[in-house]
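A.B. asks: Quick one, fold the following:
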Amino acid sequence: MSDTAPILLWFRRDLRLSDHPAFTAAAASGRPVIPVFLCDQVVEGLGAAPKWRLGLGVEAFAQRLEGIGARLILRRGDALAALQALIAETGATAVWWGRQYDPVQIARDKAVKAALTAQGIEARSFPGHLLFEPWEVATGQGGFYQVYTPFWKAVRGRDVAARLPAPEDLRVPEAWPESDDLANWGLGRAMGRGADVVARYLHLGEEAAQARLAGFMRHGIEGYGRDRDRMDLDATSGLSENLTYGEISPLALWEAGQRALQGGKAGAETFLKELVWREFAYHLIWHTPHITTRNWREGWEGFPWQKDNPDSLRWKQGRTGIALVDAAMREIYVTGRMHNRARMLVGSYLTKHMLTDWRVGLEWFAECLVDWDPAANAMGWQWVAGCGPDASPYFRIFNPDTQAAKFDPESRYRRRWLAELSEAPPESALQFFDACPRKWGMKRDQTYPAPLVDLAEGRKRALEAYHTR
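C.D. replies: This next block holds a predicted model:
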């Protein structure tokens, strides 16, 4: 292999310079490095909000690369064909990338690696998206973990990889290949008018992510364990948005959490556990990829869930008549995110009280969340529906009234997102009507609806269905 032949460094959900093993290795090789991002079949298949947010992340990352004298080469089309074209144009003899673990990306990467290897091109993958590779964490019997708590106990004391600084020296090619214009990809087209609303709530790029983490460690970590479930408080890190696009590494969060733990911060262990919950999701999606499309547990095939229906449209619109559920569904349309406690609540209401298939919710979140993550989304929906990984021996049904009393005791969260609850609603509540599709016909002065499902009756019906499934 020539010492002067370029390396194509294929970026995906790892839009950062630091803690990037593939980037560090490529820079250390001394060979010309050509950073590449592909709008391939995986990107084309994303929902409206994650595709738009990914495009914004790519734009921010391209600017970051320009700051170190490099460029991000953009190409659209089938991943293998685009890489082969770049190889022919540049004389590159290697394509390196950071690993992804969901079944769609695994299938793509295996096909790319096999074809390039047959062509005599070095195709090499590196870690970096997780703290622990899924195949490296095993039970005493050599199997994979199916319950979170034993998984946490197995990894909490394990060593993690050392953090990597952003490379200071990067050799670039004498001539750059042609690059697409990001604006011509139209990655935000499906967002419509909602883009202008949601954009106000975003934190784009590696530097913003690092600042977000630093601020949380200064002001939020102490009360995190106590307040993270409070929907009316700003008590979470908000870093899921940046983690999903790799604008910050899980190593950075782990190191910060460990420092806080050693410093006696009360919420630090809870923060670390939440980070490992993400790891557990990827552990499961790698070992049981059917979690993204089929019931994870056996025996659930006959559960009487409905497919998408007029009532589930009311759920999407935030018009179920259950204020806490509706507030959460409005929040997702205004900010592109939803409080984690609210995600569990709206998921339970859809799958239990409304007896609607969890895949309806999974697909809606995949369309609307700017922090959509294939593993977390799949595991979360299966967990809340009851057909996923859960150590609890009962069919959990969240009561919105009880949840409101505990986690929104003064109705601040509900008023923040539901205009119909106030004579003078805040801007956040009114923004929903600027973001939602015009075809819904939603009006700011509309009357708030009666509940779709009586809570007691819905609970009774769900339990009956569970016991007779």
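
A.B. asks: Stretch 418-425 - what's its average pLDDT?
C.D. replies: Mean pLDDT, stretch 418-425: 94.

A.B. asks: got it, and stretch 201-219?
C.D. replies: 98.

A.B. asks: got a list of contacts for it?
C.D. replies: Contacts to stretch 201-219, defined as Cβ atoms under 8 Å, 6 or more residues apart in numbering, come from residues 15-18, 53, 56-57, 59-61, 63-64, 237-239, 241-242, 247-248, 252-253, 256, 259-260, 334-337, 370. Yep, even glycine has a C-beta here, placed from its N, CA and C like the rest.

A.B. asks: Please point out which parts of that stretch sit buried.
C.D. replies: 201-202, 204-206, 208-210, 212-213, 216-217 (16 or more other Cβ atoms under 10 Å).

A.B. asks: Which of the residues you listed fall within helices?
C.D. replies: 205-206, 208-210, 212-213, 216-217 (DSSP state H).

A.B. asks: Turn these into CSV, columns for distance to Phe395.
C.D. replies: Converted to CSV, those look like this (distance: Cβ to Cβ, whole Å):
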residue, distance to Phe395
Gly205, 43
Glu206, 43
Ala208, 41
Ala209, 38
Gln210, 42
Arg212, 37
Leu213, 37
Phe216, 35
Met217, 38
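
A.B. asks: From Met344, how far off is the closest residue to Glu410 other than its chain neighbours?
C.D. replies: In space, and not counting its chain neighbours, Glu410 is closest to Asp232: 6.6 Å by Cβ to Cβ, 6 or more residues apart in numbering. Asp232 is 16 Å from Met344, where distance means Cβ to Cβ, to the nearest Å.

A.B. asks: quick one: contacts of stretch 299-314?
C.D. replies: 295, 320, 350-351, 354-358, 360, 386-387, 449, 452, 465-466, 469.

A.B. asks: Quick one, which of the residues you listed are buried?
C.D. replies: 295, 320, 350-351, 354-358, 360, 386-387, 452, 465-466.

A.B. asks: Which one of those residues is nearest to Gly77?
C.D. replies: Distance to Gly77 across those (Cβ to Cβ) is lowest for Val360, with 31.6 Å.

A.B. asks: roughly how far apart are the residue nearest in space to the middle of the chain and Pro289?
C.D. replies: Residue closest to the average C-alpha location in the chain (Cα atoms, centre = their mean): Asp373, at 2.7 Å. Going from Asp373 to Pro289 by Cβ to Cβ gives 15 Å.

A.B. asks: that older thread, mind checking which of the buried ones among the contacts of stretch 299-314 land in helices?
C.D. replies: Short answer: the buried ones among the contacts of stretch 299-314 in helices (DSSP H) are 358, 360, 465-466.

A.B. asks: what's the most distant pair in the residues you listed?
C.D. replies: Farthest pair in these, by Cβ to Cβ: Val360 and Tyr466, 18.3 Å.

A.B. asks: Emit the PyMOL select command for whichever of the contacts of stretch 201-219 are buried.
C.D. replies: Here is the PyMOL selection string for the buried members of the contacts of stretch 201-219, based on 16+ other Cβ under 10 Å:
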select buried, resi 15+16+17+18+53+56+57+59+60+61+64+237+238+239+241+242+247+248+252+253+256+260+334+335+336+337+370
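
A.B. asks: Which of the contacts of stretch 201-219 fall in helices?
C.D. replies: Those of the contacts of stretch 201-219 lying in helices (DSSP H): 53, 56-57, 59-61, 63-64, 241-242, 252-253, 256, 259-260, 334-335.

A.B. asks: which one of the ones in helices among the buried ones among the contacts of stretch 299-314 is nearest Ala26?
C.D. replies: Nearest member of these to Ala26, counting by Cβ to Cβ, is Trp358, at 40.8 Å.

A.B. asks: ok, the closest one touching Trp381?
C.D. replies: Yes: shown here, Trp358 and Trp381 form a contact pair, counting by Cβ atoms under 8 Å, at 4.6 Å.

A.B. asks: Now for those two: what residues contact both?
C.D. replies: 347, 351.

A.B. asks: who's in contact with Met442?
C.D. replies: Met442 touches 317, 432-433, 436, counting by Cβ under 8 Å, 6+ apart.

A.B. asks: One more: Phe126?
C.D. replies: Contacts of Phe126 (Cβ under 8 Å, 6+ apart): 21-22, 25, 96-99.

A.B. asks: could you redo the last one with a cut-off of 7 Å?
C.D. replies: Contacts for Phe126 (Cβ atoms under 7 Å, 6 or more residues apart in numbering) come out as 21-22, 25, 96, 98-99.
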